[in-house]
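>>> Predicted structure and sequence below. I'll ask about it afterward.
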Amino acid sequence: MFEAVIALCMSLTEGPCRDHLLPGYEAQTQAACIAALGAKTPDLDVFGELQQQGAARCEPIGSALAVTEVAPGVFVHMGAIEEPDATNLGDVTNLGFVIGKTGVAVIDTGSARWMGEALWRAIRAQTDKPVTHAIITHMHPDHALGAGPFAEAGAQIVGHANLSRALSDRQANYLESLDRLVGVGAMLGTRTVSVDMAIETMGEIDLGDRVLRLRAWPMAHTGTDVTVMDATTGTLFAGDLIFHRHTPALDGKLTGWRAVLAELEALDVQRVVPGHGGPALEWPEGVQDMSRYLQVLETDTRAAIDAGQRLGEAVEVIAESEAPHWQLFDAYNPRNATVAFTELEWE
């Protein structure tokens, strides 16, 4: 297999540069790939101010993300349970796709364009059906920033009704942070994309005798949470409403998150793909650790407030009993305690 790529640089004189995938030109032979490029000129305007180094060319297909088939036609890439850095290049999130008779839907796209490209290749290793939808489960950059290649290939971008505004407001900070953590070179070409299909409450996507049921949730992990249910296999993509092994990250409303978890727990589900960990959890057993953590977080926060503790003192003790059960605890629990304290203090 061959694919079309083009070298793009931040600066032609100093770099950095990176080959960018041009999706949709894949072919069995290099000649056929070249012919496809000749028949349809790639739109390079999407790359903004990046500088083109030479013409688009056809090369043997590049590296794909490793995926596991967790149910028939349902594939998951499990990201590392780590903070984004120059070693993992931001590959710290679970991504997935579902194959129907007529099309493919992607669920979450990673931290950077390179991840969207590598996920595209993983899909192409399984099927040549068109990628019709790319669903972003919420606004956090490790789930949303790899969507560019899918948008360029004609996929509809799907997300919560609040997602476009949330990404627009945070894009500059997200990219600046990831440039620093992951490296400018690895982040080249990364951008946010507009939502084409906004989910207010419920929605459905038909991939050809395979229906995905989408639901937008009230403020919980964030204010932009959407879940995706594959009705054929009973597989629920929960995004970051469910964490496994990775300490949960509260960026919304603690009481809202607990209420959403209670509703999720009552769903008729065969398995759940969490935003981190897994890659697939039995249900409802898979929610028990999350439910316990959030209950302890709320109980300890209320106790600290009732005892008259100041925020700085409280974050040192809130939910500390949960430390043995989670990875990255010191990075996330103090933030969670701060958000929970601020929310419950003013009830």
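Everything's here; your move.
>>> who are the neighbours in contact with Pro23?
Glu117, Trp120, Pro149, Phe150, Glu152, Ala153 (CB atoms under 8 Å, 6 or more residues apart in numbering). All C-beta spots, glycine's among them, are computed from the backbone N, C-alpha and C.
>>> Looking at those, which is nearest Ala249?
Phe150 (24.7 Å; CB to CB).
>>> Next up, the contacts around the closest one.
Counted by CB under 8 Å, 6+ apart, Phe150 has contacts Pro23, Val106, Thr109, Gly116, Trp120, Val131, Ala134, Ile157.
>>> Tell me which of the residues you listed fall in helices.
Secondary structure assignment by DSSP state H places Gly116, Trp120 of the contacts of Phe150 in helices.
>>> In strands, which of the contacts of Phe150 appear?
Those of these mapping onto strands are Pro23, Val106, Val131, Ala134, Ile157, per DSSP state E.
>>> How much space separates the last one from Phe97?
What that stands for is Ile157. Using CB to CB, to the nearest Å, Ile157 is found at 14 Å from Phe97.
>>> Chain neighbours aside, what residue packs nearest to Thr109?
Leaving aside its sequence neighbours, Thr109 sits nearest to Gly146 (CB to CB, 6 or more residues apart in numbering; 3.6 Å).
>>> name the element the one you found belongs to?
In this assignment (DSSP states H and E), Gly146 forms part of neither any helix nor any strand.
>>> do you know how far it is from Val46?
14 Å.
>>> residues near Pro218, how many?
13 (other CB atoms under 10 Å).
>>> for Gly96, same thing?
Gly96: 27 neighbours (other CB under 10 Å).
>>> would you say it is within a helix?
No - looking at Gly96 with DSSP: H, G, I helix; E, B strand; the rest coil, it is strand, so not inside a helix.
>>> could the contacts of Phe150 be laid out in JSON lines, adding pLDDT and distance to Ala220?
Putting the contacts of Phe150 into JSON lines (pLDDT from 0 to 100; distance: CB to CB, whole Å) gives the following:
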{"residue": "Pro23", "pLDDT": "97", "distance to Ala220": "33"}
{"residue": "Val106", "pLDDT": "98", "distance to Ala220": "22"}
{"residue": "Thr109", "pLDDT": "98", "distance to Ala220": "21"}
{"residue": "Gly116", "pLDDT": "98", "distance to Ala220": "26"}
{"residue": "Trp120", "pLDDT": "98", "distance to Ala220": "30"}
{"residue": "Val131", "pLDDT": "98", "distance to Ala220": "28"}
{"residue": "Ala134", "pLDDT": "98", "distance to Ala220": "22"}
{"residue": "Ile157", "pLDDT": "98", "distance to Ala220": "22"}
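>>> Same list (the contacts of Phe150) but as TSV, adding distance to Thr255.
Formatted as TSV, the contacts of Phe150 follow (distance: CB to CB, whole Å):
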residue	distance to Thr255
Pro23	42
Val106	32
Thr109	30
Gly116	34
Trp120	39
Val131	37
Ala134	31
Ile157	30
